[in-house]
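Undergrad: Sharing a sequence plus its predicted fold:
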Amino acid sequence: MTLREIKELLDAEVLVGHDQLDKEIKTAFGADLMSDVLAFAKAGSLLLTGLTNPQVIRTSDVLDIAAIIMVRGKRPSPETLRLAEELLIPVLTTKYILFETAGKLYAKGIVGCMERVDDERAFS
């Protein structure tokens with residue numbers, strides 16, 4: 001799916017990255033712990049999160065995340081949006097909760113970065 005199609009599916013608002021809506025997205029990862037994102041997310045994935053701080057943008061930059069969807073109608077600070085613009089990371093917001101957002105994307109063919117965590121990689 002393209003980011004534009006995802007925007008329509010989730011009735012999302014584009015906060016940063018209007019010029020990147022033709023970007024192709026095949027995988028996604030949802031988390032509110034950036035340590036989980038660092039450990040398990042894959043480059044080129046869509047990040048679904050309820051966090052809105054600049055660390056979300058910095059983590060996404062390190063992992064080469066394709067775009068960020070902020071769930072539950074969350075809106076980041078101007079500082080966070082400026083950083084996303086600077087790093088060319090699209091940021092969208094949707095009023096759907098994380099579970100519904102993931103379900104809608106999965107139903108349209110977006111799969112997770114990984115299917116399950118191997119025992120040796122699981123955190124306590």
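TA: Yep, it's here.
Undergrad: going forward, measure contacts and count neighbours with C-alpha atoms only.
TA: Noted.
Undergrad: contacting residues for Thr93?
TA: With contacts defined as C-alpha atoms under 8 Å, 6 or more residues apart in numbering, Thr93 is in contact with Ala12, Glu13, Val14, Leu15, Ile69, Met70, Val71, Arg72, Gly73, Lys74, Arg75.
Undergrad: and with 7 Å instead?
TA: Contacts of Thr93 were listed using C-alpha atoms under 7 Å, 6 or more residues apart in numbering, and they are Ala12, Glu13, Val14, Ile69, Met70, Val71, Gly73, Lys74, Arg75.
Undergrad: Next, the contact list for the fifth one, please.
TA: In other words, Met70. For Met70, the contacting residues are Leu48, Thr49, Gly50, Leu51, Leu92, Thr93, Thr94, by C-alpha under 7 Å, 6+ apart.
Undergrad: most centrally placed residue in the chain?
TA: For the chain, the residue sitting closest to the mean C-alpha position, by C-alpha atoms, centre = their mean, is Leu47 at 1.9 Å.
Undergrad: does it count as helix, strand or coil?
TA: Of the three states, Leu47 takes strand under DSSP: H, G, I helix; E, B strand; the rest coil.
Undergrad: isn't it right up against Gly30?
TA: Yes: with contact defined as C-alpha atoms under 7 Å, Leu47 counts as touching Gly30 (5.8 Å).
Undergrad: where does this structure have low pLDDT?
TA: Along the chain, the parts satisfying pLDDT under 70 run over 118-124.
Undergrad: Repeat the analysis, applying 50 as the threshold.
TA: 122-124 (pLDDT under 50).
Undergrad: need the strands for the protein, in chain order.
TA: Taking DSSP state E as the criterion, the chain carries its strands at 13-16, 27-30, 46-49, 67-70, 91-93, 111-112.
Undergrad: re the thing from before, residues near the residue nearest to the residue nearest to the centre of the chain when sequence neighbours are not counted, how many?
TA: What sits nearest to Leu47 in space, not counting adjacent residues and going by C-alpha to C-alpha, 6 or more residues apart in numbering, is Ile68, at 4.7 Å. Using other C-alpha atoms under 10 Å, Ile68 has 25 other residues around it.
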